[in-house]
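1. here is my input; please provide its structure:
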Amino acid sequence: MLDIRGLTVIADYFVLTTVSSSTQMRAVRDSLDREVAQFVGRNPRIEGERTDAWVLADFGDVVVHVFSEEGRSHFRIEEFWNEAPVVLHIQ
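-> A predicted model of the protein is given here:
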């Protein structure tokens, strides 16, 4: 999770995650759309399909990026936001 508050006004945090299969991408996307939305009380704007290399779920203050392994290495989003402090890192 990156703290982007001092770098942009589009959100406060980016959550970045990588899935290793289209089945995981589908499960994470569906969970963001239903379960997380219900938990936070806000429906996200979701871009990207379950089979894409990158799915984005915009909850307003928090934007979740879900990448396939190939998508993560292709888009290299951490390099673009390299000035953002890492708030949480889980492997």
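2. dump the C-alpha coordinates for the lengthiest helix in the chain into CSV.
-> Longest helix of the chain, by residue count under DSSP state H: helix 22-31. Output in CSV follows, covering the C-alpha atoms of helix 22-31 (Å, rounded to 0.1, in the frame of the first residue of the first chain):
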residue,chain,number,x,y,z
SER,A,22,-7.3,-15.5,-14.3
THR,A,23,-9.3,-17.4,-11.7
GLN,A,24,-7.7,-15.4,-8.9
MET,A,25,-8.2,-12.2,-10.9
ARG,A,26,-11.9,-13.0,-11.2
ALA,A,27,-12.2,-13.8,-7.5
VAL,A,28,-10.5,-10.6,-6.4
ARG,A,29,-12.5,-8.5,-8.8
ASP,A,30,-15.7,-10.0,-7.7
SER,A,31,-14.8,-9.6,-4.0
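3. mind giving me the packing neighbours of the helix or strand bottoming out on mean pLDDT in the chain?
-> Here the helix or strand of the chain ranked lowest by mean pLDDT, DSSP states H and E is helix 37-40, holding a mean of 81. Judged by 3 or more C-beta pairs under 8 Å, 6 or more residues apart in numbering; DSSP states H and E, helix 37-40 is in contact with no other helix or strand. The way it works is simple: take the backbone N, C-alpha and C, and place the C-beta from them, glycine included.
4. hmm, Asp12 is touching Val63, no?
-> No. Between Asp12 and Val63 there is no contact under C-beta atoms under 8 Å: 9.0 Å.
5. give me the more crowded residue out of the two.
-> Legend: neighbour count by other C-beta atoms under 10 Å for Asp12 and Val63, higher for Val63 (20 against 15).
6. my reading is that the more buried one lies in a helix. Confirm?
-> No. According to DSSP: H, G, I helix; E, B strand; the rest coil, Val63 belongs to no helix; its state is strand.
7. distance of it relative to Val87?
-> Using C-beta to C-beta, to the nearest Å, Val63 is found at 14 Å from Val87.
8. okay, and the common contacts of the two?
-> Residues touching both Val63 and Val87 by C-beta atoms under 8 Å, 6 or more residues apart in numbering: Tyr13.
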